[in-house]
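J.: Mind looking at a prediction? Sequence and model below.
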Amino acid sequence: MMKLSCALLGTLAAVCISAPALAGLGGDATSVEADRANMKGALRVTPGVDYDIHEIQTPAGAVIHEYVSAQGKVFAVTWHGPGLPNLGQLLGSYSAQVAKAATGPHYNHHHLRIETPEVVMQSDAYLRSRSGRAWVRALFPQNVSLKDIG
Amino acid sequence: MRKFLALIVTPLILAGCGGSGTTSGTTPPPPPPPPAMQVIAPPGPPNVEKLVVDSGPGALTTPAVNTAFISVTVCMPGTSTCQTIDHIEVDTGSVGLRILADAVTSAGAFNLALPAVKDPSNPSNVLAECLQFADGFSWGSVNTADIKLPVSMESATGVVVHVIGATSAGDPSKANPTCVPLPGSPLAAGLCVGVENTVPCFGANGILGVGPFINDCQSTAPCAPLTPICNGASPCIPGNSATYFTCTAAPACTQVASQVTPQLQVQNPAALFATDNNGVIIELPAVGASGAGAPPTPLTGSLVFGIGTQGNNALGSATKLTSDTSSGVISATLNSTTYPFSYLDSGSNANFFPTTSIPSCPSPNDGFLCPTAGTTVNESATLTGTNSMTLAADFSIVNANTLFGGSNTAFSNLAGSSYSASGPNNSLDLGLSFFYGHNVFTGFEDVQTMGAPYFAY
């Protein structure tokens, strides 16, 4: 699947072939580039002491942040825009366990929160905006607070 | 006159406390002033609909909580062929009337063959719509109906509505882009796999979105779809939370270009009434600490149409906070943290705010907060509108699992954890928990005067 899409992406193929199959949470900094290429977005990196913020702006107008720790791992992702992002890609290898943890209908069109021992995902909807975040507990840098992730 | 009465009352209180053999050395503190009385307009014409908070329609697999419902009468346009559908959720956080095709009314299954809205650029095609919620996708046909509200008798003709799960729209996974979660999505989970096209998966027989905008996509421009979100080359989901599709008779549905004008989009029905069309007021009585609305007795209140248009809907002493014209949000401050993306939303079943000190409940209720059982956490927020007006918003939080242990359906102290962030996405959502005991006004945008939407209470 990934090779076929890389062929279609043409000039970006060189980047694709070397990118891991799954990007997003738990991935490394180079996987963020794979996310950006897949989303056809523009990337801006804000380096920091405890983490770097890789910001992807998509053509649809969504802003996605991937937080990369000093160990080089994506420990949190956030999104805010006019629609849902590719959540499977953003949650990477953690997507399956979040799906499994979802129980029954939630009956809440505006907020969804699913927790597993390893990962937390929140999805929020209000009028024409959609936003959310997900993070991996074990990869979260010790002196960084959840409040810093936005 | 009042001063005279107070002089008489106070000594009586002191005398009462001195009895029963206790030594009278201290006087009790004076009682706190009574809160400003909430006046709930009685349901009836011309503009007050009866609102109920209960466990929802019978087809639900788990009872609804903190969800306010009305009934809506839907008619074939220009006729008196109508059906009244109960348990339509009232949602100030979305826009548009959406009816589930499998809703069952007291007079039988919903089966009106409402006329489809044709694609104006290809009239042999009809329109469909994909709506993304926080927890899943809803797919259905776009139709017109005459709407009448059975108690207030407010009405509008030719309203564009969304019939979710209509067979005429076909299989949502066959639409292009698809209206189901992408493969590998964490939303493709649970019994409903992120698809909300039936009453048991949606949670109501329908939803009446009376949020502050006049339609669900673009108030003053066509709803042009944004770049789809894809897994590689495909499959893809729409890039926008509300996306319109053009469908052949087969049906084969593909997303539209820019032909869906504001008048063809799914509309805020309350903005289409002849009068009383500039906003709504939700009026629900206060409830006690363990809640209310246990079957078979729903909690009742009123959905009032119009603001300042009748004797019963004046702003009065309510404070008006204007909101951002494109997002409908205001700012809030809570515990020294600023929440720039805040709002009041009757469609949220709790107060949602970021917290790292109050634990979430264990699964399956991890959407809600569970402070230590037997304790009450009190919060006090300040809301600020784009007009710089402010309001205090006080609320309490109690262990959700304790609340759910009874059979009540309406809770003022139910809270959940929301998106916590520094920066522009930080959000405090005052949901239905906050509405009990307050008359909450949602003022619509005015596209003619560019008047801003607003909240008030």
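T.: The structure has been received and is ready for your questions. Please read all numbers here as calculations on a predicted model, not as lab measurements.

J.: Poorly predicted segments of chain A, please.
T.: A:1-23, A:104-106, A:150 (pLDDT under 70).

J.: hey, which helix is longest across it?
T.: Assignment by DSSP state H gives helix A:29-39 as the longest helix of chain A.

J.: name the helices or strands packed onto that one?
T.: Counting contacts by 3 or more Cβ pairs under 8 Å, 6 or more residues apart in numbering or on different chains; DSSP states H and E, helix A:29-39 packs against helix A:13-18, strand A:42-46, strand A:51-57, strand A:63-69, strand A:74-81, helix A:87-91. C-betas here are computed from N, CA, C, even on glycine.

J.: which one of those lies closest to chain B?
T.: helix A:87-91 (3.4 Å; Cβ to the nearest Cβ).

J.: Grab the CA positions of the closest one and hand them over as CSV.
T.: Only the C-alpha atoms of helix A:87-91 are listed here, as CSV (Å, rounded to 0.1, in the frame of the first residue of the first chain):
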residue,chain,number,x,y,z
LEU,A,87,-6.4,9.5,13.0
GLY,A,88,-5.0,6.1,12.2
GLN,A,89,-1.9,7.7,10.8
LEU,A,90,-1.5,10.1,13.7
LEU,A,91,-1.9,7.4,16.3
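
J.: Contacts made by that helix with the rest, please.
T.: The contact list for helix A:87-91 (Cβ atoms under 8 Å, 6 or more residues apart in numbering or on different chains) reads A:22-25, A:35, A:38, A:64, A:66, A:77, A:79, A:95, A:98, A:119, A:121, A:123, A:134, B:181-187, B:231.

J.: ditto for stretch A:51-60
T.: Against stretch A:51-60 from outside (Cβ under 8 Å, 6+ apart): A:29, A:32, A:35-36, A:39-46, A:63-70, A:75, A:81-83, A:85, A:141, A:144, B:226-227, B:229, B:239-240.

J.: Spell out which parts of the stretch 251-400 of chain B neighbour chain A.
T.: B:326-329, B:337, B:341, B:343, B:345, B:347-349, B:352, B:354, B:356, B:360, B:363-364, B:366-367 (Cβ under 8 Å from any Cβ of the partner chain).

J.: Weed out the non-buried ones from those residues.
T.: B:327-329, B:337, B:341, B:343, B:345, B:347-349, B:352, B:354, B:360, B:366-367 (16 or more other Cβ atoms under 10 Å in any protein chain shown).

J.: Verify the stated contact: B:P269 with B:T157.
T.: No. When contacts are counted by Cβ atoms under 8 Å, B:P269 is not listed as touching B:T157 (10.7 Å).

J.: which neighbours do the two share?
T.: With Cβ under 8 Å, 6+ apart, B:P269 and B:T157 have common neighbours B:I147.

J.: Quick check: B:F273 touching B:M153?
T.: No. Assessed by Cβ under 8 Å, B:F273 is found out of contact with B:M153, at 10.3 Å.

J.: Please say which of those two ends up with more neighbours.
T.: B:F273 (20 against 14; other Cβ atoms under 10 Å in any protein chain shown).

J.: Tell me how many other residues surround B:G451.
T.: With other Cβ under 10 Å as criterion, B:G451 counts 14.

J.: Name the nearest residue to it, ignoring sequence neighbours.
T.: Spatial nearest neighbour of B:G451, chain neighbours left out: B:E445 (6.6 Å); criterion: Cβ to Cβ, 6 or more residues apart in numbering or on different chains.

J.: A:A138 should be in a helix, yeah?
T.: Yes. Per DSSP: H, G, I helix; E, B strand; the rest coil, A:A138 lies within a helix segment.

J.: Which pLDDT value does the model give whichever residue of the stretch 151-300 of chain B sits closest to chain A?
T.: Nearest to chain A, among the residues of the stretch 151-300 of chain B, is B:G232, at 2.7 Å (Cβ to the nearest Cβ). B:G232 carries a pLDDT value of 80.

J.: Could you check how far it is from A:Q89?
T.: For B:G232, the distance to A:Q89 (Cβ to Cβ, to the nearest Å) stands at 10 Å.

J.: Among these two, which residue is more densely surrounded?
T.: With neighbours defined as other Cβ under 10 Å, B:G232 and A:Q89 compare such that A:Q89 has more, 27 against 18.

J.: on that earlier part again, how about the helices and strands packed on helix A:29-39, which one is nearest B:L321?
T.: strand A:74-81 (22.1 Å; Cβ to Cβ).

J.: so where is the stretch 351-457 of chain B shaky, pLDDT-wise?
T.: B:419-422.

J.: Helices of that one, residue ranges please.
T.: Using DSSP state H, counting those that start in this stretch, the helices of the stretch 351-457 of chain B run over B:400-404, B:432-435.

J.: so which of these is the most packed in?
T.: Of all those, helix B:432-435 has the most neighbours on average by mean count of other Cβ atoms under 10 Å in any protein chain shown, namely a mean of 26.

J.: Can you give the contact residues for that one?
T.: B:53, B:66-68, B:282, B:284, B:344, B:346-351, B:393, B:395, B:410-415, B:440.
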